[in-house]
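Asker: Model the following, please.
(2 chains)
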There are 2 protein chains.
Amino acid sequence: MDFFFYPSSVAVFGSFKEGAIAYEILRNIVEGGFEGRIVPVNPKGGTVEVAGRTLQIRERLDEPVDTAIIAVPARIVPDLIDEIGPLIKGAVVISAGFSEVGNEGLERELVERARRHGVRLIGPNCAGIFGVHGKFFGSFEVRVKPGGLALISQSGAFGGAALAMGNDEGIGFSAFVSYGNAADLNESDFLEYFASDENTKAIALYIEGVKDGRRFLKALRYASARKPVIILKAGKSAGGARAAASHTGSLAGSYEIYRAAFKQAGAIEVEEMEELFDAAKAFEMYSTAGKRVAVITNSGGPGVLATDKLERLGLEMAKLSDETVEELRSFLPPQCSVRNPIDLIADADYERYKRTIEIACKDENVDSLLVICVPPIFIPGEEIAKAVIDANCAKPVVVNFMAGELVREGVKLLEEHGVKNFPTPERAAKALGWLSLR
Amino acid sequence: MDFFFYPSSVAVFGSFKEGAIAYEILRNIVEGGFEGRIVPVNPKGGTVEVAGRTLQIRERLDEPVDTAIIAVPARIVPDLIDEIGPLIKGAVVISAGFSEVGNEGLERELVERARRHGVRLIGPNCAGIFGVHGKFFGSFEVRVKPGGLALISQSGAFGGAALAMGNDEGIGFSAFVSYGNAADLNESDFLEYFASDENTKAIALYIEGVKDGRRFLKALRYASARKPVIILKAGKSAGGARAAASHTGSLAGSYEIYRAAFKQAGAIEVEEMEELFDAAKAFEMYSTAGKRVAVITNSGGPGVLATDKLERLGLEMAKLSDETVEELRSFLPPQCSVRNPIDLIADADYERYKRTIEIACKDENVDSLLVICVPPIFIPGEEIAKAVIDANCAKPVVVNFMAGELVREGVKLLEEHGVKNFPTPERAAKALGWLSLR
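Answerer: Residues are numbered from 1 along each chain as shown, chains lettered A, B, ... in the order given. Predicted structure coming up:
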């Protein structure tokens, strides 16, 4: 499927009037810096301006391309596939109007035509795809920063919202695929593909239901054995399952069966959209973490909140070794607490954080660190961010810099160095919780 | 206690060098627009420049003021109280170095001196207070927008972080008090006070432990009978309780006892810091909501997620009346779902949202509405924000505009009209969950 996510050439079919879907996709591809050939196609011909470039619109596709992105009326899609089938490897059908509105026949026709030419299909009725490391933004959704998360979403709108929110959360993406009606390729195919994609460190999956449970379980087990797979299953409650049935036509089935399958396959199930982001952030940074956590903080309250959450999640407050306690005592002011959580108190500076992180890190009773920082009173938060960045520690370090505008610069600095921030102590604790499940 | 939260004059004691605590508090008071008299006091005299104003520093307090804010070394605080006692009604003692570091004697001395003069004390070892509607920002913490939430925090740093994060979350505050060691006034006093404060619509309380459980239960019951009291209890787990003991000296006691007390008193307990914000936002807008929710969305997936969460929380998907369904059918495109969740699909515009909200609102099977909006494709999100604002509906409407930058303008518009946004469907559902507990 590299021709989808790392294409060397792409054709876009549809209307190139400003605001039209095909135009928006073309714009995203051009603005995203795609380096391969870009071929807009519309029988009316003409030209289209995007991002300061003028592109010739072909009246028909007359050269081979890896992937076609199709946003033309549903009823003409099968014929188009027939026409361009010999020239393309894959087609992403954005167009709606197939099985999701009862046109099963048209969708079958589409699949048959594609099969005839050996063309693989994504969609129809989907929001498109991104291959972020190939600078290929083949969707009208907001572009994202490169990173390690592949997002597979049954719901296009959920996917689009998640991409935009992911940008805010500091998530980096390797790929995005909205697979719509899954007439040909489905969640299982993408799980298998991203399991082997070298730019993908973790996979996030939004599903309402799957068509072939046995195949899904196999693909999930395969992918989970290779990298973390985070799943948000919608349609868990009775009402949610009914809503899912009317949304994607998914027979959600018994949630208990899904849940057991996720667990059996070794996937990480999250409860909420926000948790999907948090787990993704954690797994973009680390592949696993042990259960014994050292909490380092410059404020007691947040340290207590983190402790509560860690223990509630079944993690443990690491019992610091005598050596560690002694070493901490040797340089920390007497008001600091050297029990875990280690409270560096309000005037903690770069040196105090950095040394403490390094000392706790080499304690063999400690598997991972949760570092909390409320805005320091006498120094800028960036100093503490630097301490986290500079500290020599090979174990997972999860960070909670809290307080909005007051730590904005520090958080930015952390992110520039690949350290993702969790905005509350509890969310940081949950991140370690998911890491401990791998 | 109006002299604390609506003072007509205030004296600040400490160092007025830039960056010093007393200077920062003075700056906050001046910049915050306090309209009463402001008297900086330091035996060295001189002047201090803040926000373009030059203030004379008095060598001693020589006129009556409502409240003194004290940030001088701990050991001289009792004598200072003796000196200024006849001139003040209340003192906020920021200074640390009392019982929290083992100086119980000094703290007892402080309280005795204050009692002798009939002066009420907040602190010591606290971060100060805000009376937001009196434009009185008597703390070094970040200033906040006026609104309905009174935040009472045992932990100063937690309080400070919560204020800054509250700004980001669009929370409006009536007051803030960090009460530190609670040598005189404590959480129970503030609960009772804010229960009667007309600018306070909801009270949020962060506690690790309380000294007098019986009194606390009484105060909590009193306050909860008047307005929503949201509690975040830290030190719930065994490790958390130990951490709390070393932080605030709180004997956290059995969490089960606290939990039962909260419930018995009718308070709203939240699990996490983020939930404290969400509950506060909900209760700033509404005092209660019934259990039967209508979900309105322009995207299926988020509608399913909201449904899942609502049902998990014990709320119900409202069964829309035949009349409602018929009325919706009469103008909505046939692809829209008129079951609950009502799916207005991707091209939903101002009119479609507004009419649907109004129709669902007058259905007597509907207690409250959850309105979801993913970025509309063909129109700006502000249009949907306007629909929510303009819709004529007297029932609680909780809103989830999702997708970061793409809905920023819409969310801003909502907030300008007092509609607070919840960033995910699940957080919006939880907001309704808390409202249903009152």
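
Asker: Where does pLDDT dip in the stretch 101-250 of chain A?
Answerer: Filtered on pLDDT under 70, the stretch 101-250 of chain A yields the residue ranges A:250.

Asker: Write out the residues of it neighbouring chain B.
Answerer: Counting by Cβ under 8 Å from any Cβ of the partner chain, the positions of the stretch 101-250 of chain A adjacent to chain B are A:101, A:140, A:142, A:153-155, A:157-158, A:160-161, A:164-165, A:167-168, A:206, A:208, A:232, A:234-240, A:242-244, A:246-248. To be clear about C-beta, it is placed using only N, CA and C from the backbone, and glycine gets the same treatment.

Asker: let's go with 6 Å and repeat that
Answerer: A:155, A:157-158, A:161, A:164-165, A:167-168, A:234-237, A:239-240, A:243-244, A:246-247 (Cβ under 6 Å from any Cβ of the partner chain).

Asker: Buried among those residues? Need that as a selection in PyMOL.
Answerer: The following PyMOL line selects those of these that are buried, judged by 16 or more other Cβ atoms under 10 Å in any protein chain shown:
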select buried, chain A and resi 155+157+158+161+164+165+167+234+235+236+237+239+240+243+244+247
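
Asker: which residues of the stretch 151-300 of chain A fall in helices?
Answerer: A:156-169, A:187-196, A:213-226, A:238-248, A:255-265, A:273-285, A:300-312 (DSSP state H, counting those that start in this stretch).

Asker: Identify the residues contacting the fifth one?
Answerer: Okay, so that is helix A:255-265. A:217, A:220, A:221, A:224, A:231, A:233, A:236, A:269 (Cβ atoms under 6 Å, 6 or more residues apart in numbering or on different chains).

Asker: And the residue nearest the centre of chain A, how far from residue A:207?
Answerer: The residue lying closest to the centre of chain A (Cα atoms, centre = their mean) is residue A:149, at 4.1 Å. Separation of residue A:149 from residue A:207 (Cβ to Cβ, to the nearest Å) stands at 16 Å.

Asker: same check, this time on residue A:334
Answerer: Separation of residue A:334 from residue A:207 (Cβ to Cβ): 54 Å.

Asker: Kindly report the same for residue A:340.
Answerer: Using Cβ to Cβ, residue A:340 is found at 39 Å from residue A:207.

Asker: between those two, which one's more packed in?
Answerer: residue A:340 (27 against 24; other Cβ atoms under 10 Å in any protein chain shown).

Asker: any idea of the pLDDT on residue A:253?
Answerer: With respect to pLDDT, residue A:253 has a value of 68.

Asker: Looking at the contacts of helix A:255-265, point me to the pair that's furthest apart.
Answerer: Using Cβ to Cβ, the contacts of helix A:255-265 span at most 21.3 Å, a distance reached by A:221 and A:236.

Asker: Not counting sequence-adjacent ones, nearest residue to residue A:319?
Answerer: residue A:365 (5.5 Å; Cβ to Cβ, 6 or more residues apart in numbering or on different chains).

Asker: Just to check, that neighbour is in contact with residue A:322?
Answerer: No - contact criterion Cβ atoms under 6 Å: residue A:365 and residue A:322 do not qualify, at 10.4 Å.

Asker: neighbour count winner among those two?
Answerer: Each of residue A:365 and residue A:322 has its neighbours counted (other Cβ under 10 Å); residue A:365 has more, 14 against 7.

Asker: per-residue confidence for the more buried one?
Answerer: 98.

Asker: quick one, what contacts it?
Answerer: Residue A:365 neighbours (Cβ under 6 Å, 6+ apart): A:318, A:319, A:321.

Asker: Out of those, which comes closest to residue A:182?
Answerer: Closest to residue A:182, out of all of the contacts of residue A:365 and judged by Cβ to Cβ, is residue A:318, at 45.0 Å.

Asker: Apart from its neighbours in sequence, what residue is nearest the closest one?
Answerer: residue A:292 (4.0 Å).

Asker: these two touch, right, that neighbour and residue A:316?
Answerer: Yes - using Cβ under 6 Å, residue A:292 is in contact with residue A:316, at 5.0 Å.

Asker: For these two, work out which one has more neighbours and name it.
Answerer: Taking other Cβ under 10 Å, residue A:292 and residue A:316 do not tie; residue A:292 has more neighbours (20 against 16).
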